[in-house]
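> quick one: sequence and predicted model below, then my questions.
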Amino acid sequence: MKKRCIAALAMAVVLLYGVCPFASAAFSSEEAIASDENSSPTRWANVSSVNLGLSFSGTTATCSGSITGYSGTTKITATYVLRRKNSNGTYTVVKTFPTQTVNGSTLRFSGTASITTGYTYRLTVTATVTRNGTNETVTNWLEKKA
């Protein structure tokens, strides 16, 4: 019985250390793609979170996002761009949404675009956040298949 416990424990350690680097890498890359469930691991000076959402219904993509600044944030300006991933790995702009600006600490965005099913799409946001008189530019993206 003791040998079985030791063997089981040894196997668990091997699996834990053998699998975790891959699980960790996948988790880290998922974190880099901010979404409703994931926030960016990047530590910004002015920004506490950048969240993106991308969903599909037929030939319509619904894009959403929110950017929240730390206390002292007075202005957020953001541009959202939806791109389609081509078979050769390059991206084609599907839609550049009008630039959004808010005089406050939270910017929320929602928009739609026409898409072709079967492709992968990337929603990117680039924002400038002003806090205590200092500007910081942040970028994040989310990619999903339609």
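Perfect, thanks for sending it.
> please make it C-alpha for all contacts and neighbour counts, starting now.
Will do.
> ok, T106 - contacts?
S66, I67, T68, G69, I76 (C-alpha atoms under 8 Å, 6 or more residues apart in numbering).
> pLDDT below threshold where in this structure?
1-42 (pLDDT under 70).
> at 50 what do you get?
Across the chain, residues meeting the criterion (pLDDT under 50) sit at 2-40.
> so what sits opposite K75 in the bridge?
Beta-bridge partners recorded for K75 (DSSP bridges): T130.
> can you count the residues close to it?
Residues within reach of K75, counting by other C-alpha atoms under 10 Å, total 20.
> likewise L54?
A count of nearby residues for L54, using other C-alpha under 10 Å, gives 23.
> is the spatially closest residue to it that is not a sequence neighbour within a helix or a strand, and which one?
Spatially, and ignoring its direct neighbours in sequence, L54 is nearest to C63 (4.8 Å; C-alpha to C-alpha, 6 or more residues apart in numbering). Assessed by DSSP states H and E, C63 sits inside strand 60-69.
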